[in-house]
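Enquirer: no sequence on hand, only this structure:
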């Protein structure tokens, strides 16, 4: 059962958010907020993806075959928006390629701090920040 609520905000798919959080935390090297989703043999799952790409893949809205056929990133974002139950504005915020300016300040500031880390450490920290942001959305019931 999805425990999303209706209070003037979009009905969010918290179950999917939890699955994306779990995926991002289990395989932080596969997280990349700057791309929707691409095949990537460096990662165990064979894909690198942002929150939208991860959601679309986990929810079954995008297949590996579509990724190999180079599905357009806008299509991935649209499918993820539906899967998460986001409005256009919410999707624009959560799926931004620039969390420093697009996400709430506390998450954007943490993201900016990863600029001083080497690539592997930065990717891992960014995955943790993304997971924390989704957790915040679940706990508060809205996107900001």
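Expert: Looks like it came in fine. Keep in mind that what you see is a predicted model, and the values were worked out from it rather than measured.
Enquirer: what ranges do the helices span in this protein?
Expert: Here the chain has its helices, by DSSP state H, at 14-26, 51-58, 64-68, 73-84, 88-94, 99-102, 105-113, 119-140.
Enquirer: residue nearest the centroid of this structure?
Expert: The centroid of the chain falls nearest to residue 51 when counting by C-alpha atoms, centre = their mean (1.1 Å).
Enquirer: still on that earlier bit, comparing the helices of the chain by mean pLDDT, which bottoms out?
Expert: Comparing mean pLDDT across the helices of the chain, the weakest is helix 64-68, with a mean of 76.
Enquirer: if we can go back for a sec, for residue 36, find the nearest of the helices of the chain.
Expert: helix 73-84 (3.7 Å; C-beta to C-beta). C-beta here means a position set from N, CA and C on the backbone, and glycine is covered the same way.
Enquirer: ok, residue 127 - contacts?
Expert: Contacts for residue 127 (C-beta atoms under 8 Å, 6 or more residues apart in numbering) come out as 24, 25, 28, 31.
Enquirer: isn't the residue nearest to the centre of the chain right up against residue 134?
Expert: Yes - at 6.9 Å, residue 51 counts as touching residue 134 under the criterion of C-beta atoms under 8 Å.
Enquirer: okay, now residue 61: neighbour count?
Expert: For residue 61, the number of neighbouring residues by other C-beta atoms under 10 Å comes to 16.
Enquirer: and if you look at residue 116?
Expert: 8.
Enquirer: look up how far residue 108 lies from residue 30.
Expert: 22 Å (C-beta to C-beta, to the nearest Å).
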